[in-house]
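J.: give me the fold of what follows.
(chains A and B)
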Amino acid sequence: ETGVTQTPRHLVMGMTNKKSLKCEQHLGHNAMYWYKQSAKKPLELMFVYSLEERVENNSVPSRFSPECPNSSHLFLHLHTLQPEDSALYLCASSRSYPGHREQYFGPGTRLTVT
Amino acid sequence: GENVEQHPSTLSVQEGDSAVIKCTYSDSASNYFPWYKQELGKGPQLIIDIRSNVGEKKDQRIAVTLNKTAKHFSLHITETQPEDSAVYFCAAPTWGSGTYKYIFGTGTRLKVLA
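T.: Residues are numbered from 1 along each chain as shown, chains lettered A, B, ... in the order given. A predicted model of the protein is given here:
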């Protein structure tokens, strides 16, 4: 609906697993974002990519590793996660970065770490 | 850096009544304030925004007001309908260490009772 798709929609993984989240935008935007949404906490920006270059790494633990192979695709590689990493992970895109631009969000991946 | 506070955390109104959600911010340099609506199972979606050179902006049943002196801005929804039930987030931009990002409020869960 928003032009931003995320897969999978739900993911359960153990602390020793390795998994990846995928995001794709069909809007021709140049900037893409990963956010973490936890209950009763504000949306937390994790990473920003502009023209496929990482421009923001918001003090995120190294067990989260982003990848942006082109301006339409964004991945978040996960390994040795902790239970407190369970959350909704949202991908977003905008026409450009930085600036007062509308961000278009995907539906999110609900991650549960067991 | 920017700090955004949002109130109330939950709000229940009768269908047809008005709803008001308020946010305060700390950085007097902030000059753009978006509001996002998040429905169940979806990512946030921009519904209205305001820049600091105006005090009010309206779009049908939705309006946003800005008081720069007091550093607060509010979302007003009139003639509420059941489909307005969702979580609403305010945001304000901040520049930190040469990077730009939105600081989001903690969200308001609006329930419109039929």
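
J.: and the residue of chain B that's closest to chain A?
T.: Per C-beta to the nearest C-beta, B:G43 is where chain B lies closest to chain A, at 3.0 Å. From N, CA and C alone the C-beta is placed, and that goes for glycine too.

J.: counting neighbours, what do you get for the residue of chain A found nearest chain B?
T.: Per C-beta to the nearest C-beta, the residue of chain A with the smallest distance to chain B is A:F105, at 3.0 Å. A total of 23 residues lie near A:F105 under the criterion other C-beta atoms under 10 Å in any protein chain shown.

J.: ok, it - contacts?
T.: A:2, A:4, A:35, A:90-92, B:36, B:42-45 (C-beta atoms under 8 Å, 6 or more residues apart in numbering or on different chains).

J.: neighbouring strands of the helix or strand bottoming out on mean pLDDT in chain B in the sheet, and parallel or not?
T.: Within chain B, judged by mean pLDDT, DSSP states H and E, the helix or strand with the poorest mean is strand B:99-104; its value is a mean of 88. Applying DSSP bridges to the sheet, strand B:99-104 is found paired with strand B:86-96 (antiparallel).

J.: just how off-centre is the partner strand within its chain?
T.: The chain centre lies 8 Å from the centre of strand B:86-96; the measure is C-alpha atoms, centre = their mean, to the nearest Å.

J.: these two touch, right, A:V55 and A:C68?
T.: No. Under the criterion of C-beta atoms under 8 Å, A:V55 makes no contact with A:C68, lying 10.5 Å away.

J.: more neighbours, those two?
T.: More crowded of A:V55 and A:C68, by other C-beta under 10 Å: A:C68, with 21 against 15.

J.: let me know the pLDDT of the more buried one.
T.: With respect to pLDDT, A:C68 scores 96.

J.: beta partners for the residue nearest to B:T99 when sequence neighbours are not counted?
T.: Spatial nearest neighbour of B:T99, chain neighbours left out: A:E56 (4.8 Å); criterion: C-beta to C-beta, 6 or more residues apart in numbering or on different chains. Applying DSSP bridges to A:E56 gives these bridge partners: A:V48.

J.: ok, A:E56 - contacts?
T.: A:45, A:47-48, B:99, B:101.

J.: so which of those comes closest to B:D84?
T.: Here the nearest of these to B:D84, counting by C-beta to C-beta, is A:L45; it sits at 26.9 Å.

J.: relative to A:L90, how far out is the closest one?
T.: 10 Å (C-beta to C-beta, to the nearest Å).

J.: which residues does the residue of chain B closest to chain A contact?
T.: A:2, A:4, A:90, A:92, A:105-108.

J.: name the nearest residue to it, sequence neighbours excluded.
T.: A:F105 (3.0 Å).

J.: got it, and B:H72?
T.: Using C-beta to C-beta, 6+ apart, the nearest residue to B:H72 is B:T24, at 4.4 Å.

J.: before we move on, the earlier item: and the contacts of A:F105, which are buried?
T.: Taking 16 or more other C-beta atoms under 10 Å in any protein chain shown as the criterion, what is buried in these is A:2, A:4, A:35, A:90-92, B:36, B:43-45.

J.: sort out for me which of the residues you listed are in strands.
T.: Among those, the ones falling in strands (DSSP state E) are A:4, A:35, A:90-92, B:36, B:45.

J.: about what we covered before: looking at the contacts of A:E56, which is nearest B:G107?
T.: A:L45 (15.5 Å).
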